[in-house]
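S.K.: Okay, structure incoming, though there's no sequence with it:
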């Protein structure tokens, strides 16, 4: 390898396919704040055991699923309830979280972990402690996801420094860096799990004891109906739409703090809710297929 790593050239011994130039593209294209630090894995490091002070993410969490920084507290609290790390969630699972939050932000609704839990349930992806989300019965809001995630596992991960730039500051003490088992008793691949009877029995016990029906919030159906109006296919959730919704939410939050402090101001800079037209029920052109820019000299933060 020459003095400079090319866009697609892997370093011998590195446990992932990420390269410095492409990681720089992720940092730039996804508008990652400059004080969020990325780090490539070294030889012998793994996705499920990030080094001290870092946590694992996948490129598609940012490029395809539109995750932003700092990671919102509601996502951290929801994952803590499930006893899993964010790096155990597939890109499709992250899309479910991002989509619900964006719809809430656009409508001025502050979803809590209880609401997210009422909308989504954890489902296993394969047998290696990776998970996705699927909607509870009658609680589906988002549509238009691809059938499965391809090519994101194992080799396209990197590390993010754990600090207030990358994770909501109030969640830093409770943030899960290391992988859990999601409460699923079958993840240990014990001898019993291979027998159909024990598989059924253990799944039944797990469902009854660890996965009761989520609390039915009084206004849950109202919230579901409010979120369900508008552009719901994932192809409409472009980076611009997500950023606009997040900035709108942050502006509202800042305004509420200033109002509590007795400070009044008129904010005329709120971005408009992103829209491309009226919902016709047809699938939109997938924004994920847009060409991705490249950079020659990436900067990964401070």
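M.R.: Cool, the structure landed. Predicted model, so just to flag it, every value in this text is computed and none were measured. Residues are numbered from 1 along each chain as shown.

S.K.: Show the pLDDT at residue 253.
M.R.: Predicted confidence (pLDDT) for residue 253: 74.

S.K.: list the buried ones in the helix or strand it falls within?
M.R.: Assigning secondary structure by DSSP states H and E places residue 253 in helix 239-260. By neighbour count on 16 or more other C-beta atoms under 10 Å, the buried set for helix 239-260 is 239, 241, 242, 243, 244, 245, 246, 248, 249, 255. Yep, even glycine has a C-beta here, placed from its N, CA and C like the rest.

S.K.: could I get those residues as CSV with distance to residue 143?
M.R.: What follows is these, written out as CSV (distance: C-beta to C-beta, whole Å):
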residue, distance to residue 143
239, 19
241, 15
242, 17
243, 22
244, 21
245, 18
246, 21
248, 23
249, 23
255, 32
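
S.K.: Next up, the contacts around residue 57.
M.R.: 67, 86, 87, 157, 158, 159, 160 (C-beta atoms under 8 Å, 6 or more residues apart in numbering).

S.K.: tell me the SS of the first one?
M.R.: Looking back up the chat, that one is residue 67. coil (DSSP: H, G, I helix; E, B strand; the rest coil).

S.K.: I figured it was touching residue 96, is that so?
M.R.: No: assessed by C-beta atoms under 8 Å, residue 67 is found out of contact with residue 96, at 11.6 Å.

S.K.: Am I right that residue 50 is in a helix?
M.R.: No: read with three-state DSSP, residue 50 is coil and lies in no helix.

S.K.: Straight-line length of stretch 224-242, end to end?
M.R.: End-to-end distance for stretch 224-242, by C-alpha to C-alpha, to the nearest Å: 19 Å.

S.K.: And the average pLDDT for that stretch is what?
M.R.: For stretch 224-242, the mean pLDDT works out to 93.

S.K.: So for it, what gets flagged as buried?
M.R.: 224, 226-227, 231-239, 241-242.

S.K.: next one: stretch 33-47
M.R.: 36, 37, 38, 39, 40, 41, 45, 47.

S.K.: same question, stretch 19-32
M.R.: Buried, per 16+ other C-beta under 10 Å, within stretch 19-32: 19, 20, 21, 22, 23, 24, 25, 26, 27, 29, 30, 32.

S.K.: Could you list the low-pLDDT ranges of this structure?
M.R.: Applying pLDDT under 70 to the chain flags residues 1-15, 127, 147-155, 182-217, 255-302.

S.K.: try 80 this time
M.R.: 1-17, 126-128, 146-155, 181-218, 253-302 (pLDDT under 80).

S.K.: how many neighbours does residue 61 have?
M.R.: 28 (other C-beta atoms under 10 Å).

S.K.: wait, residue 109
M.R.: Residue 109, neighbours per other C-beta under 10 Å, totals 17.

S.K.: That one in helix, strand or coil?
M.R.: coil.

S.K.: returning to that earlier point: and the two most separated of the buried residues of helix 239-260?
M.R.: Pairwise distances across those (C-beta to C-beta) peak at 24.4 Å, for the pair 239 and 255.

S.K.: and residue 65, what does it touch?
M.R.: 91, 92, 94, 95, 98.

S.K.: Tell me the spacing between it and residue 142.
M.R.: Residue 65 is 12 Å from residue 142, where distance means C-beta to C-beta, to the nearest Å.

S.K.: What of residue 99?
M.R.: From residue 99 to residue 142 the distance is 4 Å (C-beta to C-beta).

S.K.: Just the closest of the buried residues of helix 239-260 to residue 114, please.
M.R.: Distances from residue 114 to the buried residues of helix 239-260, taken by C-beta to C-beta, are shortest for residue 249, at 18.4 Å.

S.K.: so where does the closest residue to residue 39 other than its chain neighbours fall, helix or strand?
M.R.: Closest residue to residue 39 apart from its sequence neighbours, by C-beta to C-beta, 6 or more residues apart in numbering: residue 159 at 4.3 Å. Following DSSP H and E, the helix or strand that holds residue 159 is strand 157-161.

S.K.: who wins for neighbours among the contacts of residue 57?
M.R.: residue 160 (27 neighbours).

S.K.: Can you say which of the contacts of residue 65 are buried?
M.R.: When the contacts of residue 65 are checked against 16+ other C-beta under 10 Å, the ones flagged as buried are 91, 92, 94, 95, 98.
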